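S.K.: this one's sequence-less:
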Ligand SMILES: Nc1nc2c(ncn2[C@@H]2O[C@H](COP(=O)(O)OP(=O)(O)OP(=O)(O)O)[C@@H](O)[C@H]2O)c(=O)[nH]1
Ligand SMILES: [Mg+2]
């Protein structure tokens, strides 16, 4: 794969090599070093044209880069001949000095040598097409690059190691075997063998449904870890909600004032809390109001709190701290008393956003709550993307449908098993009909 197809004279496709591509692999802008990656059939020729003879594979070589007599830079060069490269094609890496003029000179030399700039994700895409990465690992590469917190990094590394691919491939393998049994039930429908094979296939389908459902019942753990769990700060006006988001963010993002009803919009910040990414939202103080803009703020506050975690912040010095809060306010994950500097006795964590007292304890508490919510108890890898969830839901649908097939029609069960397998195969990108045919022919053409 990794090749475009064109139809030849007899209608048979002729494989055309993919165009050779280049891209800056490091961050754009000034830097000590920048890495430019080149992939494709022309990679070797490029190295020779710009830097002289190819260095030994996978060994760094210091070379002077020049194009048509014009010097570009002194660079470190790495050569990864196919198939032992990230993309599976010939790959070269130029570690140049990270200046704009050098970059531009190298890019125009590469263009002149017949390469084109890579599209976003094109290197990973080629890696998938050439069987170097499955789709979940390719997604993990993107997650690794995007990881902002240690927890996101751990999850991405695990997925990159193949934890998810192994899980999904494992299910698919079981389904391939189940399909084999359903096919046998078709072939041997006349004797007792058929019935046993049919019920074996059904049992496997049931088992996989249960495993998938368990995997999906994780309340979006992996997705929240990847995208950031939502934490909504709720409370009556003037409790100190905006002061809290500012303290957590260590910068001034929300307006703080002694006038109740200051915050109207939902103010959000992405924060690293004890190693986890949280999307923290400051909201309008909740109270009964006839003022239409404030009322809209209150509506937004309550609706934002509907997903994710909530922290209820109350003014411990107030005579009636919960005044104005609706009776049906959902139970918060944390209730915190603010304004401890004013002196009061309350049960639970008391903090002062004025003096900073108790804020580090609050961060610790939040971290524990988030850890409890997001980290798996059984060590199983979590579902990390809506794409996977859709495919798994589809697979379960097919399997459940398959279970309604009567023993007299094993072909109906077989068809649903096939569809479920395909849905799961789409997650890793391995929808391999050949594999299935191999299995079916190996095991079920007995004596034929
Ligand atoms: N004494 C004392 N005052 C505080 C503390 N935290 C906040 N305040 C004050 O309380 C007032 C309200 O603070 P905000 O952070 O704006 O409160 P809020 O909950 O966002 O208020 P609304 O946006 O109106 O809902 C401000 O005058 C703050 O300076 C605290 O720990 N102690
Ligand atoms: Mg506020």
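M.R.: Right, received. Where do you want to start? All values derive from a computational prediction rather than experimental measurement. Ligands and ions are numbered 1, 2, ... in the order given.

S.K.: residues in this structure within reach of ligand 1, list them.
M.R.: 235, 237-243, 256-258, 260-263, 284-285, 338-339, 341-342, 352-354 (CB under 6 Å from any ligand atom). Backbone N, C-alpha and C define where each C-beta goes, glycine included.

S.K.: show me what from the stretch 101-250 of the chain comes close to ligand 2.
M.R.: Contacts of the stretch 101-250 of the chain with ligand 2, taken as CB under 5 Å from the ion, map to 241-242.

S.K.: how about the helices of the stretch 101-250 of the chain, start to end?
M.R.: Secondary structure of the stretch 101-250 of the chain (DSSP state H, counting those that start in this stretch): helices located at 122-129, 135-146, 150-160, 163-187, 192-216, 221-227, 241-249.

S.K.: for the chain, which spans come out with low pLDDT?
M.R.: 1-15, 191, 219, 377, 431-448 (pLDDT under 70).

S.K.: what do you get if the cut-off is 80, keeping everything else the same?
M.R.: The chain contains residues with pLDDT under 80 at 1-17, 188-193, 218-220, 307, 375-380, 430-448.

S.K.: ok, which stretches of it are strands?
M.R.: Remark: strands assigned in the chain by DSSP state E are 3-7, 13-17, 21-24, 31-39, 61-67, 70-80, 91-98, 116-117, 229-234, 267-273, 276-282, 309-315, 334-338.

S.K.: where's the last one relative to the chain centroid, distance-wise?
M.R.: What it means is strand 334-338. 33 Å (CA atoms, centre = their mean, to the nearest Å).

S.K.: kindly calculate the angle that that strand makes with strand 309-315.
M.R.: For strand 334-338 against strand 309-315, the angle by axes from the mean of the first three to the mean of the last three CA atoms, to 10 degrees is 20 degrees.

S.K.: try the fifth one
M.R.: If you take the same axes, to 10 degrees, strand 61-67 sits at 90 degrees to strand 309-315.

S.K.: packing partners of strand 61-67?
M.R.: Using 3 or more CB pairs under 8 Å, 6 or more residues apart in numbering; DSSP states H and E as the contact criterion, the elements in contact with strand 61-67 are helix 43-51, strand 70-80, helix 100-112.

S.K.: partners of it in the sheet?
M.R.: Paired strands of strand 61-67, with direction, are strand 70-80 (antiparallel) (DSSP bridges).

S.K.: list the buried residues in the partner strand.
M.R.: 72-73, 75, 77-80 (16 or more other CB atoms under 10 Å).

S.K.: please apply the same query to stretch 33-46.
M.R.: 34-40, 42-46.

S.K.: likewise for stretch 46-63?
M.R.: Residues 46-47, 49-51, 54-55, 61, 63 are the ones in stretch 46-63 that count as buried (16+ other CB under 10 Å).

S.K.: same question, stretch 163-176
M.R.: For stretch 163-176, the neighbour count (16+ other CB under 10 Å) marks 163-165, 167-169, 171-172, 174-176 as buried.

S.K.: which residues does it contact?
M.R.: Outside of stretch 163-176, the residues within contact range by CB atoms under 8 Å, 6 or more residues apart in numbering are 134, 136-137, 140, 204-205, 207-208, 211-212, 215, 380-381, 383-384, 388, 417, 420-421, 424-425, 427-428, 430, 435-436, 439.

S.K.: do stretch 45-52 as well
M.R.: Taking contacts as CB under 8 Å, 6+ apart, the residues outside stretch 45-52 that touch it are 20, 38, 54-55, 61, 63-67, 72, 75, 77, 79, 92, 94, 106, 109-110, 113, 115.

S.K.: 6 Å - rerun?
M.R.: Residues outside stretch 45-52 that contact it (CB atoms under 6 Å, 6 or more residues apart in numbering): 38, 54, 63, 65, 67, 77, 92, 113.

S.K.: could I get those residues as JSON lines with distance to residue 302?
M.R.: Putting the contacts of stretch 45-52 into JSON lines (distance: CB to CB, whole Å) gives the following:
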{"residue": "38", "distance to residue 302": "54"}
{"residue": "54", "distance to residue 302": "65"}
{"residue": "63", "distance to residue 302": "63"}
{"residue": "65", "distance to residue 302": "61"}
{"residue": "67", "distance to residue 302": "63"}
{"residue": "77", "distance to residue 302": "59"}
{"residue": "92", "distance to residue 302": "57"}
{"residue": "113", "distance to residue 302": "60"}
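
S.K.: relative to residue 231, which of those residues is nearest.
M.R.: The nearest member of the contacts of stretch 45-52 to residue 231, counting by CB to CB, is residue 38 at 44.0 Å.

S.K.: related to what we said a few turns ago, list buried residues within the residues of the chain next to ligand 1.
M.R.: 235, 237-243, 256, 261-263, 284-285, 338-339, 352-353.

S.K.: ok, so of the buried residues of stretch 33-46, who is nearest ligand 2?
M.R.: Taking CB to the ion as the measure, ligand 2 sits nearest to residue 34 out of the buried residues of stretch 33-46, at 43.8 Å.

S.K.: wait, residue 74 touches residue 64, no?
M.R.: Yes: if you go by CB atoms under 6 Å, residue 74 and residue 64 touch, sitting 5.5 Å apart.

S.K.: what's the end-to-end length of stretch 225-238?
M.R.: Start-to-end span of stretch 225-238 (CA to CA, to the nearest Å) is 31 Å.
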